[in-house]
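*Asks:* sharing a sequence plus its predicted fold:
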Amino acid sequence: MALKITQRLPLLGQMGIQRYPLVGSVCPFNRLLSTACVSQALCVGYLCTSVGRCTRRQGNRKLQPDSRIRSLTTVIREPLFVATSSVGLHGDSVPQFRLTQQHRPTADEEKAFHQRLGGCSASRQVLRLLRSVSMMSDTMAAAALHRVADLEHKENSLKDPLVLEKDIIRALCFQLEQDSGRLSDAGLVSALLACTRLFLDPWSPLMVRLVSESQERLDRCQMSVEQLCTLGHAMLAMEGPGCVMLEQIMEQIQNQEPTQWSLTDLIAVYKLLQGGVGENGKYRELLNAMHTHALTVTPQMDPAAVSMLLSALVTLNQTQAMPLVISLCKQSVRHVPHFTDEELTLVLGALMHFGHNDNYFVKAMERYVPTMAFSSHPETVTKVMQFFSRRNILSPIVFDAVAESFVYRADDYSTSQLARHIMAFGKVGYLPPNAGEVFRKVENTLHTRFSHFQPRTLLNLLHSCILVERFPVNFVSKVFSSYFLQQLQEQGTGLDRFVLAQLTQLYMTMKLECPFYEGPRLLPKYRVKSFHMSGRSLEVPVDPHLYNSVKTGLIELLGARSYFGSKVLTPYCYTLDVEIKLDEDGYVLPASHVDDVHKRIALCIDGQKRFTTNMRQLLGKEAIKQRHLRILGYEVVQIPFYEFEKLQSKTSVVDYLHQKIFPHSYRLSW
């Protein structure tokens, strides 16, 4: 008996498969399978080929699922696939299949069925629909199983495994098993994929019959690209990317010319490669050919295709496919109002991954965000904020709309989503008109859900607050506690230099801008000496070209290079682009002079990267730097790129610097 054979296999126990009690009789293998050869395959690990010979497949691939790939929580279900006499359904209650091409339902009938199926919001509605249909094709039956899988999916299991015990599902699966040889190629592979999504036992007669039949069809090399991809997804779910049948599928796909594929075929192959087949740089030549073809059909792509393809390019890390990314971004502009929340989230994530944005796309988002900020999924709204801040785009339209919705929806956001919202405001250094209400919501959330925050998430949130001059005094004392620092050290990469820099700047802010703070100090061992570091940094490095131009003008203005210092590290962790020292009478001192320094001037040579990309506003980390330098006693002189680049001559540069640095003094000619 099938169940007895399954119970004897030690592999199932290792996979944690649950066994279910028998329901009705279980058919013997030699009764359910049409040939003795296939029956033998179930017992000794052999599979029949299309020419009727039993050949041993590498690694028993059809009988040994990879437990690392999927958790089979609704398996050992042979009792579902029993003889007709055991089902015991009234003849009128069982759907009657028309499996031959000559007697398929009409296209209109199938379309109406799929529309009704898509409108089902619960499994019981799907079952009711199945009972109401008098005639059904194999593709309609497979679609019904897929819809049940959609509605019952929960991570690696079903929300209600008992849905598979329903008579209508049992009867439907039994008919698929008995008539597997008469199924169309599309119906066969779709039914097999649906069974994997329902986590059916791969050892059950239905699954073995569908896999064996699929192998025979595959050997004939007559499946379409889309059908090959559907079969590939099923085998991925059952055995993972090392499956032998999967290699055969990919061989047949590679033997075809991508330029001859339809858009549906192209998207199907991308999905298959994204699902795990294209890991570790496999099928690079095939991917390059697909990218070339995709460029030609991008204008035909709908929102679902655009988002799916961008997501696949991210998963496959196709950094060389930037022309395709740019083309998809342009196509996204027209689809922005029509993306679903999930699709828009994928699109924004991909554009961030590849570091690309388009002005037309930004304008389209500015029109769309005010209409969706109150209704879209919290993760989608969060992704919008991340996209704008990651690209350093300050859009008051977007930020104000999201800030307004945040006040009403703050409780809907997870701690991570809430932190990413505030991080976006801090990154671009922007406060919305309702900043008071926004940060009151933040404070209330911190009070009520403080323990829910991951240590690094909490640190990012509090650090972002100080970038826009909001000081979380009530919570900083908890951050500087030894308990929190220990938690921070145990999370992720531990206390790396960037985390230590955030802690140091947070502590410095408390000392400089909150003199009433009397909480715990940050111990010296947790402080850095410089905020400037490679990679992620709390300071934007000076633009070399702009710095050299300013340096030339300063030499002409001051008379010698020795009268100013460059890239000076202060005792307060900040690095000055240029420092000029003055004595009590206002005379310039040599840079090496340490005594009798009455005044220090800090020149901030601010290139484009220190501002938002679309507005002349300093980023949050540059604004706090200049704010702190002023509090520390420096006279901060800002040399922004947009002013300096207008200067056409050496004389105009010198006059500009003189007016900026010494606006109340005359200059003598050297």
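*Replies:* Nice, I can see it.

*Asks:* use CA for all of it now, contacts and neighbours both
*Replies:* Will do.

*Asks:* where does pLDDT dip in the stretch 101-250 of the chain?
*Replies:* Scanning the stretch 101-250 of the chain for pLDDT under 70 picks out 101-103.

*Asks:* ranges for the strands of it?
*Replies:* 135-136, 153-154, 157-158 (DSSP state E, counting those that start in this stretch).

*Asks:* turn those strands into a markdown table, columns for mean neighbour count and distance to D655.
*Replies:* Shown next, in a markdown table, are those (neighbours: other CA atoms under 10 Å; distance: least, CA to CA, whole Å):
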| stretch | mean neighbour count | distance to D655 |
| --- | --- | --- |
| strand 135-136 | 18 | 85 |
| strand 153-154 | 14 | 69 |
| strand 157-158 | 20 | 73 |
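
*Asks:* distance to L172 added to those, as a markdown table?
*Replies:* Putting the strands of the stretch 101-250 of the chain into a markdown table (distance: least, CA to CA, whole Å) gives the following:
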| stretch | distance to L172 |
| --- | --- |
| strand 135-136 | 10 |
| strand 153-154 | 20 |
| strand 157-158 | 19 |
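
*Asks:* looking at the ones you listed, which is closest to K551?
*Replies:* Between K551 and those, the tightest spacing by CA to CA is seen for strand 153-154, at 62.4 Å.

*Asks:* the closest one: partners in the sheet, and parallel or antiparallel?
*Replies:* Partners of strand 153-154 in the sheet, by DSSP bridges, are strand 157-158 (antiparallel).

*Asks:* what does the closest residue to V369 other than its chain neighbours show for phi and psi?
*Replies:* Excluding the flanking residues, the one nearest V369 by CA to CA, 6 or more residues apart in numbering is V398, at 6.1 Å. Main-chain torsions, V398, degrees, to the nearest 10: phi -70, psi -50.

*Asks:* V398: how many residues sit nearby?
*Replies:* Around V398 there are 20 other residues, counting by other CA atoms under 10 Å.

*Asks:* so what's it up against?
*Replies:* M365, E366, V369, P370 (CA atoms under 8 Å, 6 or more residues apart in numbering).

*Asks:* just so I know, which of the strands of the stretch 101-250 of the chain lies nearest F484?
*Replies:* Closest among the strands of the stretch 101-250 of the chain, once you apply CA to CA, is strand 153-154, at 34.0 Å.

*Asks:* what are the contacting residues of the closest one?
*Replies:* Contacts for strand 153-154 (CA under 8 Å, 6+ apart): K159, L198.

*Asks:* low-confidence stretches in the protein?
*Replies:* In the chain, residues with pLDDT under 70: 1-103, 666-670.

*Asks:* show me where it has its strands.
*Replies:* With strands called from DSSP state E, the chain shows them at 46-48, 54-56, 96-97, 135-136, 153-154, 157-158, 565-569, 575-582, 588-589, 599-606, 635-640.

*Asks:* point out the most buried one among the ones you listed.
*Replies:* Highest mean neighbour count among the strands of the chain (mean count of other CA atoms under 10 Å): strand 46-48, with a mean of 24.

*Asks:* for P590, which non-adjacent residue is spatially closest?
*Replies:* Y563 (4.4 Å).

*Asks:* check F471 too.
*Replies:* C465 (6.3 Å).

*Asks:* which residues does the one you found contact?
*Replies:* So C465 contacts I422, M423, G426, F471, P472 (CA under 8 Å, 6+ apart).

*Asks:* make it 10 Å
*Replies:* 419, 422-423, 425-427, 429, 439, 442, 459, 471-472, 506, 620 (CA atoms under 10 Å, 6 or more residues apart in numbering).

*Asks:* in this structure V369 contacts I397, no?
*Replies:* Yes - contact between V369 and I397 holds when scored by CA atoms under 10 Å: they sit 8.4 Å apart.

*Asks:* which one of those two has more residues nearby?
*Replies:* Taking neighbours as other CA under 10 Å, V369 and I397 compare with V369 leading, 20 against 14.

*Asks:* do you know how far the more buried one is from P303?
*Replies:* 17 Å (CA to CA, to the nearest Å).

*Asks:* re earlier: name the nearest of the contacts of V398 relative to A403.
*Replies:* P370 (10.4 Å).

*Asks:* with adjacent residues omitted, what lies nearest to that closest one?
*Replies:* A401 (5.3 Å).

*Asks:* ok, now which ones touch the one you found?
*Replies:* So A401 contacts E366, V369, P370, T371, M372, A373, F374, P432 (CA under 10 Å, 6+ apart).

*Asks:* show me the contacts for A141.
*Replies:* A141 neighbours (CA under 10 Å, 6+ apart): 95, 97, 130, 147, 169, 172-173, 175-176, 187, 190-191, 194.

*Asks:* so which of these is surrounded by the most neighbours?
*Replies:* A191 leads those on contacts (other CA under 10 Å) with 31 neighbours.

*Asks:* that one contacts L183, correct?
*Replies:* Yes - counting by CA under 10 Å, L183 is a contact partner of A191 at 9.5 Å.

*Asks:* identify the contacts common to those two.
*Replies:* D138, T139, L176, E177, L210.

*Asks:* want to throw those into a markdown table with distance to S327?
*Replies:* Listed next are these as a markdown table, based on distance: CA to CA, whole Å:
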| residue | distance to S327 |
| --- | --- |
| D138 | 38 |
| T139 | 35 |
| L176 | 43 |
| E177 | 45 |
| L210 | 40 |
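
*Asks:* E584: which of these is nearest?
*Replies:* Lowest distance from E584 to the shared contacts of A191 and L183 (CA to CA) belongs to T139, with 89.3 Å.

*Asks:* can you pull the contacts of the nearest residue to the closest one once chain neighbours are set aside?
*Replies:* Nearest residue to T139 in three dimensions, chain neighbours excluded: G187, at 4.4 Å (CA to CA, 6+ apart). By CA under 10 Å, 6+ apart, the contact set of G187 is L99, S137, D138, T139, M140, A141, A142, A143, L176, S180, L193, Q227.

*Asks:* circling back to that earlier point, so which of the strands of the stretch 101-250 of the chain gets nearest R217?
*Replies:* Set against R217 and scored by CA to CA, the strands of the stretch 101-250 of the chain come closest in strand 135-136, at 22.5 Å.

*Asks:* which residues does the most centrally placed residue in the chain contact?
*Replies:* Closest to where the C-alpha atoms of the chain average out (CA atoms, centre = their mean) is G349, at 5.5 Å. G349 sits next to S307, L310, S311, V314, E343, G355, T380, K383, V384, Q386, F387 when contact means CA under 10 Å, 6+ apart.
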